[in-house]
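Chemist: Sharing a sequence plus its predicted fold:
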Amino acid sequence: MSAHAGKSIGHLELPDATEDDEVVLPGSQLPAEGRSFDAVLLAVVIALVGLGLVMVYSASAIQNQWHFGDGERLLTRQASHVVVGLCAMLIGLRVDYRWYRRMAYPMMIGTLLLLVAVLFIGTKLNNATRWISIAGITFQPSEILKLALVVYMAYSLEKKRHKVAKFSIGIIPHLMVLGVVAFLLIRQPDFGTTVICSTLILGMLFVAGARLMYIGTIVLFGVALGALAVVTSPYRLDRVMGWLEPNADPLGISYQVNQSVMAIGSGGLFGKGLGAGQAKLGYVPELWNDFIGAAIGEELGLVGLAVVCGLFIVLVWRGLKIAFGAREMFGMYLAFGITLVFGLQASVNLGVVTGLLPNTGLTLPFISNGGTATALALFCVGVLLNISMAREDTWEAERGEREDDAYTDRVERKRVRYLRRKAGGS
């Protein structure tokens, strides 16, 4: 049994090693072929994507027929996005996740440049400049940012794993990155993604072992900055006030959320039936995007929403299982970060459509209509599946050996320094 069984990484307790632990090959020598990926995770994602296609069509068909004479217009577009996403998922599945170590800085720098570029050449829609169109292809840099940030944090935290608790090493560099990211996102403006990215960084720092006092202080400071960002922006302030007082302006800023809640309420326990909802008639603007949860609640009822919540819970469970079973710390951080993004975004979106949170403009992963979001989400699932293929129950044994080697190296260095001092003194 490993001498290091039952130890923890950061604030996470790792499973105990067993008596049957064997020496495992280093990660770079261990091919993924021959291992099965997490079939439960894949099944859950396919179910969410399939439900998304059905609900996008149901929510958009009537209005697309009215305005464009083609009720299947949005369904066809979303189906093409899913095809691209499935191809991206296959790529993520086949590429060894350890390769992303080398791409951490290029991905992060490239994404920051895109966030700068969108402020100058971006396409403006609904009072926000979040999209870049090149040669007829439109994409959203803030969606790419989530993946780039996860890869960067996974690489950085693994590299600094023994010094994360130090403020100057574990906190300041990551806060600087967060500051740049938040500034560029607020300029678009994209407050919802800013909250997701901030929570992602703090969540990964917590898992890596950063001191709770530092994280708590940052959270308080972040809440203060968020409140300042709200009160200094009439648009964001109106959204928050509309959430706090939904009846104050029922036909204005509170209209979309109020109609969403009424649509869900009218669906009852089992819903009105697929295709029988009325929110799609224009009562909930752009129902197929951020508020597709309202269409699900109205047509499939509380049971339908509960199924969606259950699928996301299973997705998060499988993602965390993959993270805790990863062979090495980079894989653990990478899987945890991706899972955290999925869980956070789904929770916020469903909180908004049910009136529990103010409107943030975040989509529901795998279900809402969207090109960049759908493709990147499926690619991230492929990365998770690749990490699951490299999973070993004897990860702890390898970690114990590495710690033994590190301890031996430290003892040897101390012995050499002692001999040098002794020789110099004599």
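Modeler: Arrived safely. A quick note: this is a predicted structure, and the numbers were derived from the prediction, not measured. Residues are numbered from 1 along each chain as shown.

Chemist: How far away from the center of its chain is whichever helix in the chain runs longest?
Modeler: When the chain is scanned for its longest helix (criterion: DSSP state H), the result is helix 292-324. Distance of helix 292-324 from the chain centroid (CA atoms, centre = their mean, to the nearest Å) equals 15 Å.

Chemist: C-terminal to that helix, what's the next element?
Modeler: Next in sequence after helix 292-324, counting helices and strands by DSSP states H and E, comes helix 329-353.

Chemist: Would you mind pulling up the elements that that next one packs against?
Modeler: Under the contact criterion of 3 or more CB pairs under 8 Å, 6 or more residues apart in numbering; DSSP states H and E, helix 329-353 touches helix 141-159, helix 191-208, helix 255-267, helix 292-324, helix 372-389. To be clear about C-beta, it is placed using only N, CA and C from the backbone, and glycine gets the same treatment.

Chemist: Let me know the angle separating the longest helix of the chain from helix 329-353.
Modeler: 160 degrees (axes from the mean of the first three to the mean of the last three CA atoms, to 10 degrees).

Chemist: Flag every buried residue along stretch 113-123.
Modeler: 114-115, 118, 122 (16 or more other CB atoms under 10 Å).

Chemist: and the angle from the longest helix of the chain to helix 255-267?
Modeler: Using the same axes, to 10 degrees, the direction of helix 292-324 lies 90 degrees away from that of helix 255-267.

Chemist: Next, the buried residues of helix 292-324.
Modeler: Those would be 292-301, 304-305, 308, 311-312, 315-316, 318-324, for helix 292-324 by 16+ other CB under 10 Å.

Chemist: Packing partners of it?
Modeler: Helices and strands touching helix 292-324, by 3+ CB pairs under 8 Å, 6+ apart, are helix 39-68, helix 255-267, helix 329-353, helix 372-389.

Chemist: Buried deepest among the ones you listed, which one?
Modeler: helix 372-389 (a mean of 25; mean count of other CB atoms under 10 Å).

Chemist: returning to what we had before: in helices, which of the buried residues of stretch 113-123 fall?
Modeler: 114-115, 118.

Chemist: returning to what we had before: mind checking the helices and strands packed on helix 329-353 for the one nearest to residue 38?
Modeler: Checking these against residue 38 by CB to CB gives helix 372-389 as the closest, at 4.1 Å.

Chemist: distance between the closest one and the chain's centre?
Modeler: 11 Å.

Chemist: Quick check: which helices or strands does it pack against?
Modeler: Counting by 3+ CB pairs under 8 Å, 6+ apart, helix 372-389 packs on helix 39-68, helix 73-94, helix 141-159, helix 292-324, helix 329-353.

Chemist: Can you pull up the most central residue in the chain?
Modeler: Against the mean C-alpha coordinate of the chain, by CA atoms, centre = their mean, the closest residue is residue 341 at 1.8 Å.

Chemist: Skipping its backbone neighbours, what lies nearest it in space?
Modeler: Spatial nearest neighbour of residue 341, chain neighbours left out: residue 146 (5.3 Å); criterion: CB to CB, 6 or more residues apart in numbering.

Chemist: And for that neighbour, the neighbour number?
Modeler: 25 (other CB atoms under 10 Å).

Chemist: OK, contacts around it?
Modeler: Residue 146 is in contact with 193, 196-197, 200, 341, 376, counting by CB atoms under 8 Å, 6 or more residues apart in numbering.

Chemist: which one among those gets closest to residue 231?
Modeler: After measuring the contacts of residue 146 against residue 231 - CB to CB - the closest member comes out as residue 193, at 20.0 Å.

Chemist: Let me know the distance separating that closest one from residue 278.
Modeler: Computed as CB to CB, to the nearest Å, the residue 193 to residue 278 distance reads 31 Å.

Chemist: leaving aside the residues next to it on the chain, what's closest to residue 58?
Modeler: residue 275 (5.3 Å).

Chemist: The residue nearest to the centre of the chain and residue 150 touch, don't they?
Modeler: Yes: the pair residue 341 and residue 150 qualifies as a contact (CB atoms under 8 Å) at a distance of 6.7 Å.

Chemist: Need the overlap of contacts for those two.
Modeler: What both residue 341 and residue 150 touch, as defined by CB under 8 Å, 6+ apart, is the set residue 200.

Chemist: Please name the strands paired to the longest strand along the chain in the sheet, noting orientation.
Modeler: Scanning the chain for the longest strand, with DSSP state E as the assignment, gives strand 128-134. The strands beside strand 128-134 in its sheet (DSSP bridges) come out as strand 123-125 (antiparallel), strand 137-139 (antiparallel).

Chemist: tell me the mean pLDDT for the last one?
Modeler: Summarised as a single mean, pLDDT over strand 137-139 is 85.

Chemist: cool, and the first one?
Modeler: Confidence for strand 123-125, expressed as mean pLDDT, is 82.
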